[in-house]
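Visitor: Below is the sequence, then the predicted model.
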Amino acid sequence: MANLKLINAAKVYGNVPVLTDINLDIQQGELIVFVGPSGCGKSTLLRMIAGLEKISSGDLEIDGERMNDVPPAKRGIAMVFQSYALYPHLSVRDNMSFALKIAKIPSDEIDKAVEQAAASLQLTEYLDRLPKALSGGQRQRVAIGRAIVRDPKIFLFDEPLSNLDAALRVATRIEIAQLKEKMPDSTMIYVTHDQVEAMTLATRIVVLNKRGIEQVGTPLELYEKPINKFVATFIGSPAMNILPAKVIDAGEITHLELENGASAQVPIATQSTAVNSKFSVGARPEDMTITQGDDYVYKGVVSYIEALGEVTLLYFNSDNGAESVIAKIPGIQSIERGQELKFSVEPEKLQLFDENDLSCKYR
């Protein structure tokens, strides 16, 4: 098991920078999840760590040893890909043992490693089957087992659940979490675009955007203390609502004027220079409560309803062309399209972002 460090790492294709100034320190035993929008470089960064992409500048260190020029096979890394990449003509046992046979490991050690990995992944009864006789979830477990038997320093997962249906994704996600509990000293790096996977699996999440890292933190740190508007809207599903506002009084408590005649007093300090500046108020959909009074922060007409049983999602079109506002209300609601509603949010749960989209609360 290993520590991994990226120091000013960058990736350039021709004259096009893809990743710049990547500085990251991953400790032994962590499960780090890379998240970000499509094209932000999540998989490219993972492949740089694996040695499948050359690092244009900067350094990659594993246990203090520079790895930039070390071949992939010598880095002590095992990678699980989005596609299962199993040999269709080989049994599960032979797929899992293939790399060990190439490395000329003694057969008794190979058998022991395969049996142990199969037991931990509940694959023992399938060891003599071909991949075509397995479900998608079982095939992905075989791919994970193939990585486990190599006993690598670091596990890399590149969106391993994206090819599975919803039910299998849940089951396999739980299996990966349980596997990590059985291997507490294993260092794992996991790429996903799925919010639930990131929030439930990660020790820490790395949020990537526009060629670099926006913020690194535990799932709850990113949820409760986003450093800027991008992180605030990317972490959480549905995304945080962003409400345009103008500062009318600054100080220890900031007084704001919002659209639709709403107002808010946010217990976040701002400087006097912020008065009359255009800020943004962030309100998570689950924190919005229907109100009849004048203490609302948002007022709108329901344009669409998603009744999910345990919650009801209410969608509101913005008057000024901004993103739609979403409210997440517990249970089943007797609300109709075209109905006008007002919503309040506890002041402590509101976020405030300045004209540069930076959080005024967690700088």
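Guide: Great, that's in hand.

Visitor: what about the helices in this protein?
Guide: Assigned helices in the chain, in chain order: 42-50, 92-102, 107-120, 136-148, 166-182, 195-201, 219-224, 229-234 (criterion: DSSP state H).

Visitor: looking at these, which has the lowest confidence?
Guide: Ranked by mean pLDDT, these bottom out at helix 166-182, which scores a mean of 82.

Visitor: can you redo the helices of the chain as a markdown table with distance to residue 244?
Guide: C-beta here means a position set from N, CA and C on the backbone, and glycine is covered the same way. Putting the helices of the chain into a markdown table (distance: least, C-beta to C-beta, whole Å) gives the following:
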| stretch | distance to residue 244 |
| --- | --- |
| helix 42-50 | 30 |
| helix 92-102 | 55 |
| helix 107-120 | 52 |
| helix 136-148 | 44 |
| helix 166-182 | 36 |
| helix 195-201 | 25 |
| helix 219-224 | 23 |
| helix 229-234 | 12 |
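
Visitor: between the ones you listed, which one is nearest to residue 314?
Guide: Using C-beta to C-beta as the criterion, the shortest distance between residue 314 and those is 18.1 Å, found for helix 229-234.

Visitor: Would you mind pulling the contact partners of stretch 188-204?
Guide: Counting by C-beta atoms under 8 Å, 6 or more residues apart in numbering, stretch 188-204 makes contact with 4, 26, 29-36, 38, 42-43, 46, 49, 154-162, 169, 173, 176-177, 180, 205, 216-219, 223, 235-237, all of which sit outside it.

Visitor: again, only this time at 6 Å
Guide: Contacts made with stretch 188-204 from outside it, assessed by C-beta atoms under 6 Å, 6 or more residues apart in numbering, are listed as 30-35, 42-43, 46, 155-159, 173, 177, 205, 216, 218-219, 237.

Visitor: That one: which residues count as buried?
Guide: Neighbour counts using 16 or more other C-beta atoms under 10 Å place 188-192, 194-195, 197-199, 201-204 of stretch 188-204 among the buried residues.

Visitor: Go through these and say which is closest to residue 99.
Guide: The nearest member of the buried residues of stretch 188-204 to residue 99, counting by C-beta to C-beta, is residue 188 at 18.2 Å.

Visitor: partners of the closest one in the sheet?
Guide: Here residue 188 sits in beta bridges with residue 31, residue 155, as judged by DSSP bridges.

Visitor: how far away is it from residue 306?
Guide: With distances defined as C-beta to C-beta, to the nearest Å, the gap from residue 188 to residue 306 amounts to 34 Å.

Visitor: Alpha carbons only: can I get the lowest-mean-pLDDT helix or strand in the chain in PDB?
Guide: Sorting the helices and strands of the chain by mean pLDDT, DSSP states H and E puts helix 166-182 at the bottom, at a mean of 82. Extracted as PDB, the C-alpha positions of helix 166-182 are listed here (Å, rounded to 0.1, in the frame of the first residue of the first chain):
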ATOM      1  CA  ALA A 166     -29.600   1.200 -11.800                       C
ATOM      2  CA  ALA A 167     -30.100  -1.900  -9.500                       C
ATOM      3  CA  LEU A 168     -26.700  -3.300 -10.300                       C
ATOM      4  CA  ARG A 169     -25.100   0.000  -9.700                       C
ATOM      5  CA  VAL A 170     -26.400   0.100  -6.200                       C
ATOM      6  CA  ALA A 171     -25.500  -3.400  -5.400                       C
ATOM      7  CA  THR A 172     -22.000  -3.100  -6.900                       C
ATOM      8  CA  ARG A 173     -21.400   0.200  -5.200                       C
ATOM      9  CA  ILE A 174     -22.200  -1.400  -1.800                       C
ATOM     10  CA  GLU A 175     -19.800  -4.300  -2.700                       C
ATOM     11  CA  ILE A 176     -17.000  -1.800  -3.500                       C
ATOM     12  CA  ALA A 177     -17.600  -0.100  -0.100                       C
ATOM     13  CA  GLN A 178     -17.500  -3.400   1.700                       C
ATOM     14  CA  LEU A 179     -14.400  -4.400  -0.200                       C
ATOM     15  CA  LYS A 180     -12.700  -1.200   0.900                       C
ATOM     16  CA  GLU A 181     -13.600  -2.000   4.600                       C
ATOM     17  CA  LYS A 182     -11.900  -5.400   4.200                       C
END
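
Visitor: Quick one: work out the angle between that helix and helix 136-148.
Guide: Counting by axes from the mean of the first three to the mean of the last three C-alpha atoms, to 10 degrees, helix 166-182 lies at 30 degrees to helix 136-148.

Visitor: Much appreciated, bye for now.
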